[in-house]
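Colleague: 3D model of this:
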Amino acid sequence: MLVDRVRRDAYCQVIQQHAADARVLDLGCGTGYFSLEALRAGAKSVLSIDTHPVVTLLPNVLRRNQCESNCSVFYGDIRQLPEQKFDLILADLRGPTPLHYDGIRVMQYASSSLLDKNGVLTPQEDTLSAALVTMPEWYERTNTPWALGPYDWSDCRQNVFSTPVQIPSVSATQIISTAIDWTTINYLDSESLLKKTRGASLNVSAKRKAQAHGIICWFNTRLCNSINYDTAPSDHQPTYGRMFLPFNQPVDVSEGENFTMTVRCTGIGESWIWEWGIKNDDT
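Modeller: As a prediction, the model looks like this:
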(Lines give C-alpha, C1' and ligand atoms only; values in the text may rest on other atoms or scores of the structure.)
Protein backbone atom coordinates (compact mmCIF):
# COMPACT_ATOMS: atom_id res chain seq x y z
CA MET A 1 0.00 0.00 0.00
CA LEU A 2 2.73 2.45 0.97
CA VAL A 3 4.39 2.37 -2.45
CA ASP A 4 1.11 3.12 -4.28
CA ARG A 5 1.77 6.84 -4.36
CA VAL A 6 -1.40 7.72 -6.30
CA ARG A 7 -3.64 6.21 -3.63
CA ARG A 8 -1.48 7.32 -0.71
CA ASP A 9 -1.25 10.96 -1.76
CA ALA A 10 -5.01 11.21 -2.41
CA TYR A 11 -5.90 9.93 1.06
CA CYS A 12 -3.28 12.18 2.65
CA GLN A 13 -4.94 15.19 1.00
CA VAL A 14 -8.20 14.24 2.73
CA ILE A 15 -6.37 13.86 6.03
CA GLN A 16 -4.74 17.27 5.71
CA GLN A 17 -8.12 18.89 5.04
CA HIS A 18 -10.28 17.12 7.62
CA ALA A 19 -8.28 15.38 10.38
CA ALA A 20 -7.46 18.36 12.59
CA ASP A 21 -9.30 18.09 15.95
CA ALA A 22 -11.39 15.21 14.53
CA ARG A 23 -12.39 11.81 15.87
CA VAL A 24 -10.90 9.60 13.16
CA LEU A 25 -11.66 5.98 12.26
CA ASP A 26 -8.95 4.29 10.17
CA LEU A 27 -11.02 1.37 8.87
CA GLY A 28 -8.84 -1.37 7.40
CA CYS A 29 -5.76 0.38 8.75
CA GLY A 30 -3.13 -2.26 7.96
CA THR A 31 0.19 -1.10 9.42
CA GLY A 32 -1.36 2.27 10.32
CA TYR A 33 0.16 4.78 7.90
CA PHE A 34 -3.02 6.83 7.64
CA SER A 35 -3.46 6.67 11.42
CA LEU A 36 -0.02 8.20 11.88
CA GLU A 37 -0.76 10.85 9.26
CA ALA A 38 -4.05 11.73 10.97
CA LEU A 39 -2.33 12.09 14.35
CA ARG A 40 0.36 14.26 12.79
CA ALA A 41 -2.39 16.42 11.24
CA GLY A 42 -3.83 17.09 14.70
CA ALA A 43 -6.58 14.48 15.13
CA LYS A 44 -8.25 14.51 18.53
CA SER A 45 -8.32 10.70 18.57
CA VAL A 46 -7.85 7.80 16.18
CA LEU A 47 -9.33 4.30 16.24
CA SER A 48 -7.30 1.97 14.03
CA ILE A 49 -8.94 -1.33 13.13
CA ASP A 50 -8.30 -4.24 10.80
CA THR A 51 -9.22 -7.92 10.48
CA HIS A 52 -5.69 -8.71 9.24
CA PRO A 53 -3.20 -9.77 11.93
CA VAL A 54 -0.67 -7.20 10.69
CA VAL A 55 -2.59 -4.70 12.85
CA THR A 56 -1.10 -6.35 15.94
CA LEU A 57 2.21 -4.67 15.01
CA LEU A 58 0.66 -1.21 15.15
CA PRO A 59 0.94 -0.63 18.94
CA ASN A 60 4.72 -0.99 18.61
CA VAL A 61 4.74 1.35 15.62
CA LEU A 62 2.75 3.94 17.57
CA ARG A 63 5.05 3.62 20.57
CA ARG A 64 8.17 4.07 18.44
CA ASN A 65 6.63 7.21 16.96
CA GLN A 66 5.42 8.60 20.32
CA CYS A 67 1.77 8.49 19.18
CA GLU A 68 0.19 5.84 21.41
CA SER A 69 -1.64 8.23 23.73
CA ASN A 70 -4.24 9.35 21.18
CA CYS A 71 -4.68 6.13 19.20
CA SER A 72 -6.60 2.93 20.03
CA VAL A 73 -5.96 -0.28 18.07
CA PHE A 74 -8.43 -3.13 17.57
CA TYR A 75 -7.85 -6.45 15.81
CA GLY A 76 -11.22 -7.60 14.50
CA ASP A 77 -14.44 -6.50 12.85
CA ILE A 78 -15.69 -2.95 13.49
CA ARG A 79 -19.18 -4.39 13.93
CA GLN A 80 -18.00 -6.15 17.09
CA LEU A 81 -17.37 -2.84 18.88
CA PRO A 82 -19.96 -0.61 20.59
CA GLU A 83 -21.30 2.04 18.24
CA GLN A 84 -19.58 5.40 18.40
CA LYS A 85 -19.46 8.43 16.14
CA PHE A 86 -16.57 9.69 14.05
CA ASP A 87 -15.91 13.00 12.32
CA LEU A 88 -13.70 11.40 9.66
CA ILE A 89 -13.80 7.80 8.43
CA LEU A 90 -10.88 6.68 6.25
CA ALA A 91 -11.51 3.37 4.51
CA ASP A 92 -9.99 1.43 1.65
CA LEU A 93 -11.52 -2.05 1.79
CA ARG A 94 -11.11 -2.66 -1.91
CA GLY A 95 -9.16 -5.27 -3.82
CA PRO A 96 -8.84 -4.98 -7.61
CA THR A 97 -12.37 -3.54 -7.41
CA PRO A 98 -14.53 -2.42 -4.48
CA LEU A 99 -16.55 -5.64 -4.88
CA HIS A 100 -14.19 -7.46 -2.57
CA TYR A 101 -14.97 -9.77 0.35
CA ASP A 102 -17.30 -8.09 2.88
CA GLY A 103 -16.15 -4.54 2.18
CA ILE A 104 -19.44 -3.13 0.89
CA ARG A 105 -21.43 -4.32 3.91
CA VAL A 106 -18.78 -2.96 6.28
CA MET A 107 -18.98 0.39 4.49
CA GLN A 108 -22.78 0.30 4.80
CA TYR A 109 -22.43 -0.16 8.54
CA ALA A 110 -19.86 2.63 8.80
CA SER A 111 -22.00 5.02 6.76
CA SER A 112 -25.25 4.33 8.61
CA SER A 113 -24.04 3.78 12.18
CA LEU A 114 -20.63 5.36 12.75
CA LEU A 115 -20.49 8.60 10.77
CA ASP A 116 -21.38 11.79 12.63
CA LYS A 117 -24.14 13.77 10.91
CA ASN A 118 -21.56 16.41 9.92
CA GLY A 119 -18.78 13.89 9.39
CA VAL A 120 -16.71 13.05 6.30
CA LEU A 121 -16.71 9.55 4.81
CA THR A 122 -13.83 8.57 2.54
CA PRO A 123 -14.39 7.25 -0.11
CA GLN A 124 -17.72 8.77 -1.07
CA GLU A 125 -18.24 7.08 -4.44
CA ASP A 126 -16.63 4.51 -6.74
CA THR A 127 -17.49 4.06 -10.41
CA LEU A 128 -16.45 0.76 -11.99
CA SER A 129 -15.37 0.80 -15.63
CA ALA A 130 -14.51 -1.91 -18.15
CA ALA A 131 -13.14 -2.35 -21.65
CA LEU A 132 -11.93 -5.06 -24.02
CA VAL A 133 -8.25 -5.78 -23.58
CA THR A 134 -5.59 -7.65 -25.53
CA MET A 135 -3.38 -9.88 -23.36
CA PRO A 136 -1.51 -12.23 -25.75
CA GLU A 137 1.37 -13.03 -23.39
CA TRP A 138 -1.00 -13.87 -20.53
CA TYR A 139 -3.14 -16.01 -22.83
CA GLU A 140 -0.14 -17.93 -24.22
CA ARG A 141 1.33 -18.57 -20.78
CA THR A 142 -2.02 -19.64 -19.32
CA ASN A 143 -3.25 -21.73 -22.23
CA THR A 144 -0.05 -23.66 -23.03
CA PRO A 145 -0.02 -26.10 -20.06
CA TRP A 146 -3.41 -27.55 -20.98
CA ALA A 147 -2.14 -28.66 -24.41
CA LEU A 148 0.79 -30.67 -23.06
CA GLY A 149 0.96 -34.45 -23.08
CA PRO A 150 -1.58 -37.05 -24.20
CA TYR A 151 -4.18 -36.12 -21.56
CA ASP A 152 -7.45 -34.22 -21.70
CA TRP A 153 -7.22 -31.21 -19.38
CA SER A 154 -10.31 -29.45 -20.71
CA ASP A 155 -12.07 -29.30 -17.31
CA CYS A 156 -9.01 -27.72 -15.71
CA ARG A 157 -8.60 -25.27 -18.57
CA GLN A 158 -12.26 -24.27 -18.42
CA ASN A 159 -11.93 -23.59 -14.70
CA VAL A 160 -8.96 -21.27 -15.28
CA PHE A 161 -10.64 -19.33 -18.08
CA SER A 162 -13.88 -18.87 -16.14
CA THR A 163 -12.19 -17.37 -13.07
CA PRO A 164 -11.47 -13.63 -12.59
CA VAL A 165 -7.76 -12.85 -12.39
CA GLN A 166 -5.95 -10.08 -10.55
CA ILE A 167 -3.58 -8.43 -13.07
CA PRO A 168 -0.96 -5.98 -11.75
CA SER A 169 0.27 -4.49 -15.02
CA VAL A 170 -2.01 -3.33 -17.84
CA SER A 171 -1.02 -0.44 -20.08
CA ALA A 172 -3.39 1.96 -21.80
CA THR A 173 -2.17 0.63 -25.18
CA GLN A 174 -3.66 -2.79 -24.37
CA ILE A 175 -7.19 -1.35 -24.25
CA ILE A 176 -8.80 -2.04 -27.64
CA SER A 177 -12.34 -0.73 -27.19
CA THR A 178 -14.25 2.18 -25.81
CA ALA A 179 -14.84 1.90 -22.06
CA ILE A 180 -18.14 1.59 -20.22
CA ASP A 181 -19.10 2.58 -16.68
CA TRP A 182 -21.05 -0.46 -15.53
CA THR A 183 -21.91 0.37 -11.92
CA THR A 184 -21.54 3.17 -9.37
CA ILE A 185 -21.26 2.60 -5.63
CA ASN A 186 -22.45 5.54 -3.54
CA TYR A 187 -21.10 5.04 -0.02
CA LEU A 188 -23.23 7.89 1.32
CA ASP A 189 -26.43 6.10 0.27
CA SER A 190 -26.69 3.45 2.97
CA GLU A 191 -29.72 1.70 1.46
CA SER A 192 -28.14 1.30 -1.99
CA LEU A 193 -25.13 -0.41 -0.41
CA LEU A 194 -27.38 -3.34 0.48
CA LYS A 195 -27.88 -4.07 -3.22
CA LYS A 196 -26.57 -7.58 -3.94
CA THR A 197 -26.28 -7.57 -7.75
CA ARG A 198 -24.54 -4.89 -9.78
CA GLY A 199 -23.84 -4.77 -13.48
CA ALA A 200 -24.92 -3.78 -16.94
CA SER A 201 -24.99 -4.77 -20.61
CA LEU A 202 -23.76 -1.80 -22.64
CA ASN A 203 -22.39 -1.05 -26.09
CA VAL A 204 -18.67 -0.79 -26.83
CA SER A 205 -16.83 -0.23 -30.09
CA ALA A 206 -13.45 -1.68 -31.09
CA LYS A 207 -10.80 1.03 -31.51
CA ARG A 208 -8.49 -1.05 -33.71
CA LYS A 209 -7.99 -4.47 -35.22
CA ALA A 210 -6.72 -6.86 -32.55
CA GLN A 211 -7.47 -9.99 -30.56
CA ALA A 212 -9.54 -9.48 -27.42
CA HIS A 213 -8.53 -11.87 -24.65
CA GLY A 214 -11.04 -10.63 -22.11
CA ILE A 215 -12.42 -7.66 -20.21
CA ILE A 216 -10.40 -5.49 -17.84
CA CYS A 217 -12.14 -3.72 -14.92
CA TRP A 218 -10.94 -0.78 -12.84
CA PHE A 219 -12.47 1.91 -10.65
CA ASN A 220 -12.60 5.70 -10.50
CA THR A 221 -13.02 7.01 -6.97
CA ARG A 222 -14.32 10.25 -5.52
CA LEU A 223 -12.69 10.36 -2.13
CA CYS A 224 -13.91 13.69 -0.87
CA ASN A 225 -14.94 16.95 -2.55
CA SER A 226 -12.57 17.31 -5.54
CA ILE A 227 -10.04 14.72 -4.37
CA ASN A 228 -10.12 11.78 -6.79
CA TYR A 229 -7.96 9.02 -8.21
CA ASP A 230 -8.39 5.99 -10.46
CA THR A 231 -6.82 2.63 -11.25
CA ALA A 232 -7.34 2.83 -15.03
CA PRO A 233 -4.81 0.94 -17.18
CA SER A 234 -1.62 2.99 -17.36
CA ASP A 235 2.01 2.87 -16.24
CA HIS A 236 0.71 3.14 -12.66
CA GLN A 237 0.57 -0.22 -10.88
CA PRO A 238 -2.06 -0.02 -8.12
CA THR A 239 -1.45 -2.18 -5.08
CA TYR A 240 -4.19 -4.69 -5.92
CA GLY A 241 -3.97 -4.36 -9.70
CA ARG A 242 -7.07 -4.59 -11.88
CA MET A 243 -9.65 -7.33 -12.40
CA PHE A 244 -9.23 -9.32 -15.61
CA LEU A 245 -12.19 -11.38 -16.88
CA PRO A 246 -10.75 -13.78 -19.50
CA PHE A 247 -12.48 -15.20 -22.55
CA ASN A 248 -12.32 -18.93 -23.21
CA GLN A 249 -10.89 -18.19 -26.66
CA PRO A 250 -9.45 -15.00 -28.19
CA VAL A 251 -11.97 -12.88 -30.11
CA ASP A 252 -10.87 -11.20 -33.33
CA VAL A 253 -12.16 -7.63 -33.55
CA SER A 254 -11.97 -5.02 -36.30
CA GLU A 255 -11.80 -1.25 -35.97
CA GLY A 256 -15.27 0.20 -35.48
CA GLU A 257 -16.88 -3.18 -34.78
CA ASN A 258 -19.70 -2.91 -32.22
CA PHE A 259 -20.31 -5.23 -29.30
CA THR A 260 -22.63 -5.54 -26.32
CA MET A 261 -20.46 -6.07 -23.27
CA THR A 262 -21.96 -7.62 -20.14
CA VAL A 263 -20.35 -7.35 -16.72
CA ARG A 264 -22.28 -8.42 -13.65
CA CYS A 265 -21.31 -9.19 -10.06
CA THR A 266 -23.45 -10.74 -7.31
CA GLY A 267 -22.58 -10.82 -3.64
CA ILE A 268 -23.16 -14.09 -1.79
CA GLY A 269 -21.95 -13.87 1.80
CA GLU A 270 -18.38 -12.60 1.62
CA SER A 271 -17.92 -13.87 -1.95
CA TRP A 272 -18.65 -12.22 -5.29
CA ILE A 273 -19.80 -14.18 -8.32
CA TRP A 274 -18.73 -12.61 -11.63
CA GLU A 275 -20.46 -13.01 -15.00
CA TRP A 276 -19.14 -11.52 -18.22
CA GLY A 277 -19.20 -11.78 -22.00
CA ILE A 278 -19.58 -9.95 -25.30
CA LYS A 279 -21.94 -10.26 -28.24
CA ASN A 280 -21.21 -8.94 -31.72
CA ASP A 281 -23.86 -6.34 -32.62
CA ASP A 282 -22.92 -6.29 -36.29
CA THR A 283 -23.91 -9.88 -37.09
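Colleague: Which stretches in this protein count as strands?
Modeller: 23-27, 45-50, 71-75, 86-91, 115-122, 125-133, 165-167, 180-186, 197-205, 210-224, 227-230, 242-253, 258-268, 271-280 (DSSP state E).
Colleague: low pLDDT regions in this structure?
Modeller: Residue ranges of the chain with pLDDT under 70: 283.
Colleague: Longest helix of it, counting residues only.
Modeller: helix 5-18 (DSSP state H).
Colleague: what residues does that helix touch?
Modeller: By C-beta atoms under 8 Å, 6 or more residues apart in numbering, the residues outside helix 5-18 that reach it are 1-2, 33-34, 37-38, 41, 87-88, 90, 92, 120, 122, 221, 223-225, 227-229, 236, 238-239. The C-beta positions use only the backbone N, C-alpha and C, and glycine is treated the same way.
Colleague: which non-adjacent residue is nearest the residue nearest the centre of the chain?
Modeller: Nearest to the mean C-alpha position of the chain, by C-alpha atoms, centre = their mean, lies residue 97 at 2.7 Å. When the adjacent residues along the chain are set aside, residue 97 lies closest to residue 243, with 5.2 Å between them (C-beta to C-beta, 6 or more residues apart in numbering).
Colleague: Count the residues that sit near the one you found.
Modeller: For residue 243, the count of nearby residues is 28 (other C-beta atoms under 10 Å).
Colleague: so it touches residue 96, yeah?
Modeller: Yes. Between residue 243 and residue 96 there is a contact under C-beta atoms under 8 Å: 4.1 Å.
Colleague: Mutual contacts of those two, please.
Modeller: With C-beta under 8 Å, 6+ apart, residue 243 and residue 96 have common neighbours 166, 167, 217, 218.
Colleague: how about a markdown table for the strands of the chain, with distance to residue 101 added?
Modeller: Listed next are those as a markdown table, based on distance: least, C-beta to C-beta, whole Å:
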| stretch | distance to residue 101 |
| --- | --- |
| strand 23-27 | 13 |
| strand 45-50 | 13 |
| strand 71-75 | 17 |
| strand 86-91 | 13 |
| strand 115-122 | 19 |
| strand 125-133 | 15 |
| strand 165-167 | 13 |
| strand 180-186 | 14 |
| strand 197-205 | 15 |
| strand 210-224 | 15 |
| strand 227-230 | 21 |
| strand 242-253 | 14 |
| strand 258-268 | 10 |
| strand 271-280 | 8 |
